[in-house]
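Undergrad: please work out how this folds:
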Amino acid sequence: MKSKQTLFYTLLSLLLATSLYTYGESSETATKGSKELEQLKALEGQWNADSSKMPGKTYLITYEVTSSGSAVIETLFKGEPFEMITIYSDDEGTLAMNHFCSLKNQPRMKLESTSGNIVHFRYSGGTNIDPEIDAHMHALDLTIIDENTVQHEWSLFKDGEISIHQIQLARIP
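TA: Alright, predicted model coming up:
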């Protein structure tokens, strides 16, 4: 009797393991996002960046595709004290982002529009932010110039005004 139970549980375990492996494999290959998310996936790798607000120094930016292709992690100013993370993913078929800012807040932005090679994001909420008072990133225009050149144009809301911060990225071969 014990050997039949052992055999049953062994077969059940094998079936479960095979099912989970197959599920993981098929979900990984089946994940295709919005056109804009697919554009961001193509940025995977390392980039050098020059910032309009911090001239004279080059910074490291990385893009990593994660979660079975359903998200892209952007690390801005990698290794610096003001390093930031932005996670891009689709929200009901529309590209959205969560930006974990060095200002110690987390603005969320949704795709507002695209025009040609420019993806326009606008503020849609956040944590640790009173959007009427607190300094926060309020918009991003991301321009994919070509496969090796990208420009970020961040709009910072501070003291009731918007200032623009540009970052020029060049792919590291």
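Undergrad: can you give me the helices for the chain?
TA: For the chain, applying DSSP state H gives helices covering 2-30, 35-41.
Undergrad: hey, least reliable of those by pLDDT?
TA: Mean pLDDT across the helices of the chain is lowest at helix 2-30; the value there is a mean of 49.
Undergrad: point to the helix or strand of this protein where mean pLDDT is at its lowest.
TA: helix 2-30 (a mean of 49; mean pLDDT, DSSP states H and E).
Undergrad: show me the strands in the chain, by range?
TA: For the chain, the strands defined by DSSP state E occupy 45-51, 54-66, 71-76, 84-91, 94-100, 106-115, 118-127, 136-146, 149-158, 161-171.
Undergrad: parallel or antiparallel, list what pairs with the second one.
TA: Applying DSSP bridges, strand 54-66 is found paired with strand 45-51 (antiparallel), strand 71-76 (antiparallel).
Undergrad: quick one: it to strand 149-158, angle?
TA: If you take axes from the mean of the first three to the mean of the last three CA atoms, to 10 degrees, strand 54-66 sits at 110 degrees to strand 149-158.
Undergrad: from the chain's centroid, how far away is strand 54-66?
TA: The chain centroid and the centroid of strand 54-66 are separated by 13 Å under CA atoms, centre = their mean, to the nearest Å.
Undergrad: what residues sit buried inside that strand?
TA: Tyr59, Leu60, Ile61, Thr62, Tyr63, Val65 (16 or more other CB atoms under 10 Å). To be clear about C-beta, it is placed using only N, CA and C from the backbone, and glycine gets the same treatment.
Undergrad: pLDDT check: weakest of those?
TA: Tyr59 (93).
Undergrad: tell me the domain ranges of this structure?
TA: Domain assignment for the chain by automatic domain parsing gives 1-30, 35-171.
Undergrad: buried deepest among those domains, which one?
TA: domain 35-171 (a mean of 16; mean count of other CB atoms under 10 Å).
Undergrad: from start to finish, how long is that domain in a straight line?
TA: End-to-end distance for domain 35-171, by CA to CA, to the nearest Å: 21 Å.
Undergrad: 53 is where my numbering starts, stick with that
TA: That works, and once the first residue is 53, the last one we named lands at domain 87-223.
Undergrad: just give me how far that domain sits from the chain centre.
TA: 8 Å.
Undergrad: just the CA atoms of stretch 117-132, as CSV, please.
TA: What follows is stretch 117-132, C-alpha atoms only, in CSV (Å, rounded to 0.1, in the frame of the first residue of the first chain):
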residue,chain,number,x,y,z
VAL,A,117,13.9,43.4,-19.7
THR,A,118,12.4,41.4,-16.9
SER,A,119,9.3,39.5,-15.7
SER,A,120,8.9,37.3,-18.8
GLY,A,121,9.2,40.3,-21.1
SER,A,122,6.4,42.2,-19.4
ALA,A,123,8.5,45.0,-17.9
VAL,A,124,11.7,47.1,-18.6
ILE,A,125,13.8,48.3,-15.7
GLU,A,126,15.7,51.5,-16.4
THR,A,127,18.5,52.4,-13.9
LEU,A,128,19.5,56.1,-14.2
PHE,A,129,22.9,57.2,-13.0
LYS,A,130,23.9,53.7,-11.9
GLY,A,131,26.2,53.6,-8.9
GLU,A,132,25.8,57.3,-8.1
